[in-house]
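A.B. asks: My questions are about this predicted structure, shown below with the sequence.
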Amino acid sequence: MVRLPLPLLLLASLVAGPALASDLPAPTYRGEIVLPTGLSIAGIEFGGISGLDYDAASGHFFAISDDRSEKAPARVYELAMTLSQTGITGLDITATHTLTGLDGKPFAPKSIDPEAVRVDAAHGHIFWSSEGDADGKPAIYIADSSEKAVALFELPRAYMPNKEGTRGIQPKLAFEGLAISPDGKFLYASTENALIQDGPKADFDHGSRSRILKLDIGTGKPVGEYLYTTEPIPQRPASGSADNGISEILPLDENRLLVVERSYMAGIGNHIAIFVADLAGATDFNGAETIPQDAQPVKKRLWFKLDEGDDGLDVDNIEAMSWGPDIDGERSLVMGSDNNFSTHQFTQFVLFTVPKG
């Protein structure tokens, strides 16, 4: 199913005026394309899109599925999208690449939880994150062009769960976002919510103390850590579950990242907020097991937001975001949703353009 572009007046409701990052131009919504749950490619169900990145050399996007090798081996899809000012007018799934471990073998069921992917074109690598293996340990993989893991980034002990349950990532709230710095020297990784020792998950009154980890691509070692405080859950549902956390990050310039905070509230729907986060001036507590209480957090400003039903846009579970090719002198920005392989959801790609400069 392909939906036609909405009126450009949609941006009036998408952009939060007073909170708009003043030096960042407003994006223009161009359109979306939707793929139904149950779509099968060579016998493998398509879906679970949790990360997306554009490879300029091939002109294709790489999209990672968060299937834990249960429906099929953990994998990355290669997508050819036709983008223009009138929207996403075509999408071809050109290939499915199986992710393999350091032993060269596909991952066993439930032994991995893929969440984010970035293409390191300068070194011919693909970086991808896992929220947890069979023991709940997170990882960030370095893979070659055939998607075979060749190394792992070194992660601080603070992220590793202990037997006592007093340290490490919270289940399903680990490395949802990855971003390569514009100079290609660093990889940033964001946790969806706080580590166990840093505080609770986001609730209706308080945000969560997430971490942004800075890794040196040359050495594979951590060189910085920063506090990012998420927003509280926007609305309290009458019943059922609700959450909020970081689902993706994307480089903007040397010190700034775009951060997607994704909320879901039962009976209400999805709320997607895109912030500009400035690391300059934030406390670097690299190597600390617990975030210092006096740590200065990353400064953040709302850029724009997407709410369920905004002028007809049925926004789903946005977990992926990537810059794409230029469109008529503007930068393209593509977001993707994770359908959770649910018949009540769908895979959605949404296109915006942003003026350069």
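C.D. replies: All right, it came through fine.

A.B. asks: Nearest residue to Ile44 in space, please, no chain neighbours.
C.D. replies: Excluding the flanking residues, the one nearest Ile44 by CB to CB, 6 or more residues apart in numbering is Ala72, at 4.3 Å. C-beta coordinates here come from the backbone N, C-alpha and C atoms, glycine included.

A.B. asks: hang on, isn't that neighbour packed against Glu45?
C.D. replies: Yes. With contact defined as CB atoms under 8 Å, Ala72 counts as touching Glu45 (7.0 Å).

A.B. asks: so who does Arg118 touch?
C.D. replies: Applying CB atoms under 8 Å, 6 or more residues apart in numbering, we find Arg118 in contact with Gly51, Asp53, Ile126, Phe127, Trp128, Leu178, Ala179, Ile180, Leu187.

A.B. asks: So which residues of the stretch 51-200 of the chain form strands?
C.D. replies: Along the stretch 51-200 of the chain, the stretches classed as strands by DSSP state E, counting those that start in this stretch are 60-65, 75-84, 87-98, 114-120, 125-130, 139-143, 149-152, 175-180, 186-191.

A.B. asks: Output these in TSV; the columns should cover distance to Gly324.
C.D. replies: Below are the strands of the stretch 51-200 of the chain laid out as TSV (distance: least, CB to CB, whole Å):
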stretch	distance to Gly324
strand 60-65	7
strand 75-84	6
strand 87-98	10
strand 114-120	12
strand 125-130	17
strand 139-143	22
strand 149-152	26
strand 175-180	15
strand 186-191	20
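
A.B. asks: Could you dump those strands into a markdown table with distance to Asn317 and mean pLDDT added?
C.D. replies: Formatted as a markdown table, these follow (distance: least, CB to CB, whole Å; pLDDT from 0 to 100):
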| stretch | distance to Asn317 | mean pLDDT |
| --- | --- | --- |
| strand 60-65 | 13 | 98 |
| strand 75-84 | 17 | 98 |
| strand 87-98 | 18 | 96 |
| strand 114-120 | 13 | 98 |
| strand 125-130 | 18 | 98 |
| strand 139-143 | 22 | 98 |
| strand 149-152 | 27 | 98 |
| strand 175-180 | 12 | 98 |
| strand 186-191 | 17 | 98 |
